[in-house]
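[1] Provide a 3D model corresponding to the input given below.
(chains A and B)
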There are 2 protein chains.
Amino acid sequence: MIKPYDDKYFMQKALQEAEEAYAKGEIPVGAVIVIDDKIIARAHNLTELLNDVTAHAEMQAITAAANFLGGKYLQNCTLYVTLEPCQMCAGALYWSQISKIVYGARDEERGCINLQTKLHPKTKLEGGILAEEASSLMKRFFIEKRNLN
Amino acid sequence: MIKPYDDKYFMQKALQEAEEAYAKGEIPVGAVIVIDDKIIARAHNLTELLNDVTAHAEMQAITAAANFLGGKYLQNCTLYVTLEPCQMCAGALYWSQISKIVYGARDEERGCINLQTKLHPKTKLEGGILAEEASSLMKRFFIEKRNLN
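    Numbers count the residues shown, from 1 in each chain, chains lettered A, B, ... in the order given. Below you'll find the model as predicted:
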């Protein structure tokens, strides 16, 4: 049976957010948060525009989702994010008690897996959904940036 | 020689912020960020009021200090915070490249030391300044909360 709303569907929405970041000259990372197959938060990296290291896509999505739900815990929610979360974002996701995190591309240097950031026991972590697309958007961004400087 | 602006002076200011959090029914943690003996950001935990797990004192102080400085890196800045930072806040401080972190009380369970959150190579970490005061404020909060429930 065809499932219209699957991980690829929602990661595609996160990728659209990443492309918006790209268009603004931001490191292209996007995120959406989903509950019952419904997107309740969309965000993309805005660290340059806001001059704020805390303005990662995930952080903004967590705040927006909590605002939508009227409570700070993201139980039964899934975060889709184009890049493996960093320590800060994984640490925020720990506090949120989110049910599931799905990332696209790995971040071996600064991602939460190799840096062993502790996730909440209620949180499942999966990765590799549209990894190639997320990764090639990042590569394109850094090549273009190098050529401009 | 008497140094009017020392670690205790600034931690006292962070403790005043923690007391403001306490008065609002928030877990009492406060923070200030200092550059050249000048306080450029003050904040206290607002996770309950804002319904937002990301609203820790340090996160707000980082955003406020970057706003004051007009840039996202907190070089030559020192953060004073009454409680050892968690993974999220230490992860944000990593991105900020802050020069120094001074905390009051240890947080053995959820603090960045035992959870081994990676700090930026430029960042020094010190602790134990007015630890007793910070710790007793926390204890008072949790005892009072238990008695109310």
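
[2] Tell me what the residue nearest the centre of chain A is bridged to.
    By Cα atoms, centre = their mean, chain A has its centre lying nearest to residue A:81, at 2.5 Å. In this entry, residue A:81 is beta-bridged to residue A:31, residue A:103, by DSSP bridges.

[3] residues contacting it?
    Contact analysis of residue A:81 by Cβ atoms under 8 Å, 6 or more residues apart in numbering or on different chains lists A:14, A:29-31, A:57-58, A:61, A:89, A:101-104. Placement of C-beta: from N, CA and C, glycine included.

[4] if you set the cut-off to 6 Å instead, what comes out?
    Residues near residue A:81 by Cβ atoms under 6 Å, 6 or more residues apart in numbering or on different chains: A:14, A:31, A:58, A:103.

[5] List only those of these flagged as buried.
    Neighbour counting by 16 or more other Cβ atoms under 10 Å in any protein chain shown classes A:14, A:31, A:58, A:103 among the contacts of residue A:81 as buried.

[6] now the last one: how far from residue A:57?
    What that stands for is residue A:103. 11 Å (Cβ to Cβ, to the nearest Å).

[7] before we move on, what about the second one?
    Separation of residue A:31 from residue A:57 (Cβ to Cβ): 4 Å.

[8] and what of residue A:50?
    Taken as Cβ to Cβ, the span from residue A:50 to residue A:57 is 12 Å.

[9] Kindly report the same for residue A:10.
    For residue A:10, the distance to residue A:57 - Cβ to Cβ - is 14 Å.

[10] higher neighbour count, those two?
    Counted by other Cβ atoms under 10 Å in any protein chain shown, residue A:10 and residue A:57 do not tie: residue A:57 has more neighbours, with 31 against 21.

[11] so what pLDDT did residue A:149 get?
    We have a pLDDT of 69 for residue A:149.

[12] what does chain A put close to chain B?
    When proximity is defined by Cβ under 6 Å from any Cβ of the partner chain, chain A lies next to chain B at A:51-54, A:59, A:62-63, A:66, A:72, A:87-88, A:91-92, A:95-96, A:115, A:117-118.

[13] ok, and the closest non-adjacent residue to residue A:83?
    residue A:29 (4.8 Å; Cβ to Cβ, 6 or more residues apart in numbering or on different chains).

[14] Dihedrals phi and psi, that neighbour?
    phi -130, psi 130 (degrees, to the nearest 10).

[15] what's the pLDDT at it?
    98.

[16] and it, how far is that from chain B?
    13 Å (Cβ to the nearest Cβ, to the nearest Å).

[17] pretty sure that residue is in contact with residue A:82, am I right?
    Yes: with contact defined as Cβ atoms under 6 Å, residue A:29 reaches residue A:82; the gap is 5.4 Å.

[18] Identify the contacts common to the two.
    Joint contacts of residue A:29 and residue A:82 (Cβ under 6 Å, 6+ apart) are residue A:18.

[19] And the helices in chain A?
    A:7-23, A:47-50, A:57-69, A:87-96, A:131-148 (DSSP state H).

[20] The third one: how far from the chain's middle?
    Averaged C-alpha coordinates place helix A:57-69 at 11 Å from its chain's average position (Cα atoms, centre = their mean, to the nearest Å).

[21] which helices and strands does the lowest-mean-pLDDT helix or strand in chain A pack with?
    Scoring the helices and strands of chain A by mean pLDDT, DSSP states H and E places helix A:131-148 at the bottom, with a mean of 94. Under the contact criterion of 3 or more Cβ pairs under 6 Å, 6 or more residues apart in numbering or on different chains; DSSP states H and E, helix A:131-148 touches helix A:7-23, strand A:100-105.

[22] Reformat the ones you listed as JSON lines; add mean pLDDT.
    Formatted as JSON lines, the helices and strands packed on helix A:131-148 follow (pLDDT from 0 to 100):
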{"stretch": "helix A:7-23", "mean pLDDT": "98"}
{"stretch": "strand A:100-105", "mean pLDDT": "98"}
